Every structure is written in C-alpha cells, then in structure tokens.
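Novice: make a model of this:
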Amino acid sequence: MKTKLATLALVATMAAAPAMADLVFPSLSYRTGAFAAGGIPFADGYADYFTLLNERDGGIGGVMTSVPECETGYSTDKGVECYEATKGMNPLVYQPLSTGITYQLIPKVTADGIPMHTMGYGRTSAKNGKIFEWVFNYPGNYWDSASIMVKHALAMENGSLEGKSIALLFHNSAYGKEPIRTLEGLSEKHGFKLTLIPVDSPGQEQKSQWLQIRREKPDYVFFWGWGVMNQVAVQEAANIRFPMDHFIGVWWSGAEPDVLPAGDAADGYKSTNFTGTGTDFPIFEDIKKYVVDAGKAAGDGQSLGQVQYNRGLYAAMLAAEAARTAQGIHGTADITPAMMRDGMEALKVDAARLAELGMPGFGPEVNVTCDNHGGPGMAVIQQWDAKAQKWNIVSDLIESDKDVIQPLIDADSAAYAAESGWSERCN
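Specialist: Numbering: from 1, shown residues only. Sure, this is the predicted structure:
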C-alpha cells in the first residue's frame with residue numbers, strides 16, 4: 001500500500017510540475033564500416049524501444065526519452081570523442097557496444113559520475129560492484145560465455161573433455177582476448193588442450209588460420225568474432241568441411257548476417273545467446289503499431305526479430321526499467337545520472353515483469369546488487385537452421401562455472417583497484 005501511495009504521489013507531483021527535459025540515453029552506434037552488420041540492427045532495436053515508450057506510454061514516468069546517436073565506426077578514439085561530445089546532455093547511461101571503447105571510458109565515467117552498461121561485453125571484472133561503482137555488465141559477461149560453451153561441449157562429450165582439443169579463433173583485440181584466461185583455467189580443470197588462433201581486424205582474411213585448423217583438427221572451435229569477420233569464418237569453416245555443430249561462437253558471433261551469406265553450408269552452426277530470437281513476443285505487436293507502421297522506426301523495419309535487433313531492444317528495456325526503478329527510489333521522474341546508477345544497482349527484472357512488458361522468456365531474470373553488477377551469468381545455446389533460416393534454442397539456460405570465474409573476477413578487479421587507487425565499497 002505504501003508503494004502504491006508513493007507512486008500516486010509521484011504521478012500527482014509530475015502532473016503539477018512544469019514539463020521536464022527528456023531522459024537522455026545516448027547511442028554510441030556504428031552504422032558504417034566492417035562492423036555495421038551488427039551495429040545497425042542493435043542501434044535500431046535500442047532506438048525503437050524508446051520510441052515505443054514515447055508513443056505508447058508518454059515516456060518513462062511521464063517524461064519523454066531521447067536517444068541521440070553518435071557514430072563511432074567501432075573506433076575507440078571516435079567512441080571517446082562521442083562520449084565527450086554528449087556527456088553535457090545529462091546522459092543517464094552509456095552503452096558503448098565496444099570493449100575497446102569501454103576500457104577507455106571506465107575511468108572517465110567514474111570521474112564524471114555517469115553509469116555505463118556493457119551488456120555481455122567490456123571488462124569482465126566490472127561485475128564486481130564493490131570496485132566498479134559506475135560500471136555494470138548484466139546479465140552476463142565474456143567469461144560466463146566461455147564457460148557456457150565449455151559446458152555445452154561437456155554435454156556433447158558425455159561429461160568429459162579429457163584429451164580433447166579446443167581452438168579459440170578470436171578477434172585480435174581486447175574484445176577477442178577477454179575469454180583466454182578463463183579458457184586456460186577451464187582447460188586445466190577439464191583436461192582439454194587449448195590452442196589460441198588470433199585474427200587481425202577486420203578479419204576479412206582467415207585462410208591461414210583455417211589451414212591451421214584443418215591441419216590440427218581440433219575437436220571444437222570456439223569463436224570470438226564480430227562484424228564481417230563472422231561471416232568469413234563461417235564460410236571458411238564450410239570450405240574445410242569443419243563440423244558445424246562443433247563450431248560455437250560467443251553471443252556476438254551468432255546473428256543472421258553471420259550465417260546467411262554461407263547459405264546451406266552454415267547449417268548447424270552454434271552460438272551462445274541471452275536474448276530471445278524472432279518476433280513471437282507480444283511486444284512486437286506494439287512495435288509494429290506504434291513505431292513501424294507510424295513511420296517512426298529507426299531503420300527500415302526489416303531487422304525486427306533478428307538477434308542483434310532483439311539485443312538492442314533488450315538493452316533498452318533494461319535501461320528503461322533501471323530508470324523507472326530510479327524514479328521510484330528517489331521520488332522524482334526527473335532523475336540524474338547518479339540516481340540512474342542507484343536504479344541500475346537495484347534493478348530487478350523477473351519473469352513476471354518480462355511478461356508484463358510483452359517479453360515473456362526473452363532473457364534471464366536479472367537481480368543486480370551492490371556487489372554483483374553482472375547478473376546471473378546464464379545463456380542458452382542456439383543453432384542455425386539454414387533451411388528455415390532461423391535460430392533454434394537447443395539448450396536450457398546454462399549457468400557458468402562460478403568456481404573458476406569468481407576467483408578470476410576477484411583477482412582482476414583487485415588489481416585494477418590497486419592500480420587506480422580505488423577502494424572497495426558495499427557493506
């Protein structure tokens with residue numbers, strides 16, 4: 001009852017108050033360059049969700065939203081420039097969609113007091129909210145994905161990878177190198193041989209790497225690619241007849257543009273995923289009515305339901321729910337970045353709330369706390385059906401191996417804190 005009365009009081013206050021400035025959610029997008037195939041649908045989904053809230057609900061808590069875009073081209077330097085150019089707009093949260101940009105922005109957002117959400121990417125040890133007060137990476141991180149891929153391989157091998165071999169084909173950058181230490185720890189635990197095979201950006205040339213794979217014949221290839229690198233890798237795997245059901249990508253290496261160019265040869269390719277696929281969710285009826293049919297879509301409407309569009313949608317939903325939480329905590333709809341941070345740290349999105357939002361089963365339940373900014377660390381395995389041209393979920397939600405991952409997070413975050421002169425928080 002107290003919560004209901006507080007909500008009614010907040011609504012009454014907003015009705016009596018003068019119009020407020022928009023709630024600003026900057027989009028550090030990349031619609032050009034070698035990584036545009038993933039960047040465009042993500043940016044479209046992110047923008048369309050906020051447009052839906054504006055057109056259907058009148059914004060969040062009675063305040064309209066705005067999503068100013070700044071093109072980064074996936075360039076770290078341009079990403080930092082975009083941050084500097086937009087931070088005066090009272091931004092509530094940054095989603096840089098790049099691990100390289102993330103690493104550069106961590107000290108900046110901390111100094112400026114602006115939260116950053118690196119959903120499923122960025123610095124993995126930012127999960128430790130005791131150290132990284134302003135950075136969040138729920139619902140999962142790269143080390144979670146690496147562990148989930150190993151768990152799936154374990155299931156395929158009847159519980160044992162002893163004597164097996166796994167090759168990690170990875171984008172030769174901070175992004176691609178993130179899972180290495182986790183896979184090294186898991187190789188010791190499970191007795192498999194790990195081979196590291198880097199691919200220089202943008203990854204359009206991979207002949208030598210796949211010749212090595214053909215020569216060494218690993219039992220599995222784990223893949224950490226992005227952009228044009230993904231479709232090249234899938235085609236090269238097909239060229240050497242590598243078994244596609246043993247070729248498993250991280251969640252940024254498993255979308256429609258990655259597999260469609262290879263046609264039937266891509267059939268059976270797998271990746272992790274933490275968001276729903278397709279348009280069979282009630283929310284898409286509203287997006288069609290209020291956004292696409294109204295001529296307000298960020299794109300041409302053709303990417304709705306695709307993996308990266310849905311991921312942008314999911315990121316926007318989490319941001320909007322955190323803003324709504326912050327409004328409730330502070331009793332005002334006109335929230336600041338610091339209030340937004342509080343909302344993100346108290347964010348709870350359970351199955352019932354997902355259903356209310358028209359997104360039942362769209363992603364794992366999220367319960368953020370002061371010491372856990374990373375969420376549950378769960379994902380599914382999806383597999384490409386080339387004939388039907390769709391992704392099929394072929395596993396239940398899989399939880400990562402916290403016994404291996406948590407000590408790595410603790411050590412890495414402690415080292416960063418010592419280097420940066422930061423102290424632990426959370427009681």
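Novice: quick check, Phe281 in contact with Gly363.
Specialist: No: between Phe281 and Gly363 no contact is recorded; they are 10.9 Å apart, counting by Cβ atoms under 8 Å. Using the backbone N, CA and C atoms, a C-beta is placed for each residue, glycine as well.
Novice: more neighbours: which of these two?
Specialist: Gly363 (27 against 21; other Cβ atoms under 10 Å).
Novice: who touches the closest residue to that one other than its chain neighbours in this structure?
Specialist: Of all residues not flanking Gly363 in the chain, Thr275 sits nearest, at 5.2 Å (Cβ to Cβ, 6 or more residues apart in numbering). Shown in contact with Thr275 (Cβ atoms under 8 Å, 6 or more residues apart in numbering): 307, 310-311, 313-314, 362-363.
Novice: please narrow these to those residing in helices.
Specialist: 307, 310-311, 313-314 (DSSP state H).
Novice: hang on, isn't Trp391 packed against Asn273?
Specialist: Yes: with contact defined as Cβ under 8 Å, Trp391 counts as touching Asn273 (7.4 Å).
Novice: can you get me a residue count around Arg425?
Specialist: Other residues near Arg425 number 12, with proximity taken as other Cβ under 10 Å.
Novice: list the backbone torsions phi and psi for the residue nearest to Gly227 when sequence neighbours are not counted.
Specialist: Excluding the flanking residues, the one nearest Gly227 by Cβ to Cβ, 6+ apart is Phe35, at 3.4 Å. Backbone torsions of Phe35, given as degrees, to the nearest 10, read phi -110, psi 10.
Novice: hang on, the earlier thing: could you name every residue contacting both of Trp391 and Asn273?
Specialist: In contact with both Trp391 and Asn273: 254, 307, 382, using Cβ under 8 Å, 6+ apart.
Novice: mind putting the residues you listed into TSV with neighbour count and distance to Tyr94?
Specialist: Converted to TSV, the shared contacts of Trp391 and Asn273 look like this (neighbours: other Cβ atoms under 10 Å; distance: Cβ to Cβ, whole Å):
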residue	neighbour count	distance to Tyr94
Gly254	27	25
Val307	27	22
Gln382	24	28
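Novice: show the pLDDT at Ala17.
Specialist: Ala17 carries a pLDDT score of 43 in this model.
Novice: how is the chain divided into domains?
Specialist: The chain breaks down by automatic domain parsing into domains covering 2-141+277-376, 142-275+379-406.
Novice: start and end of the shortest one, how far apart?
Specialist: What that stands for is domain 142-275+379-406. 13 Å (Cα to Cα, to the nearest Å).
Novice: chain center to it, what's the gap?
Specialist: Put simply, domain 142-275+379-406 sits 17 Å off its chain's centre (Cα atoms, centre = their mean, to the nearest Å).
Novice: what average pLDDT does it get?
Specialist: If you average the pLDDT over domain 142-275+379-406, you get 97.
Novice: who touches stretch 296-306?
Specialist: Outside stretch 296-306, the residues touching it (Cβ under 8 Å, 6+ apart) are 40-41, 43-48, 51, 55, 255-256, 277-279, 284, 287-288, 290-292, 309.
Novice: got it, and stretch 230-246?
Specialist: With Cβ under 8 Å, 6+ apart, stretch 230-246 has contacts from 37-38, 156, 169, 199, 203-207, 209-211, 213-214, 219-221, 223, 225, 247, 249, 253, 255, 257-262, 265-270, 383-384.
Novice: in that stretch, what counts as buried?
Specialist: 230-238, 242, 244, 246 (16 or more other Cβ atoms under 10 Å).
Novice: which of the residues you listed sits closest to Ala414?
Specialist: Closest approach to Ala414 among these (Cβ to Cβ): Asn230, at 34.2 Å.
Novice: ok so that closest one is a helix residue?
Specialist: Yes: assignment of Asn230 by DSSP: H, G, I helix; E, B strand; the rest coil places it within a helix.
Novice: any idea how far Val307 is from it?
Specialist: 11 Å (Cβ to Cβ, to the nearest Å).
Novice: could you do Thr325 as well?
Specialist: Taking Cβ to Cβ, one finds Thr325 at 27 Å from Val307.
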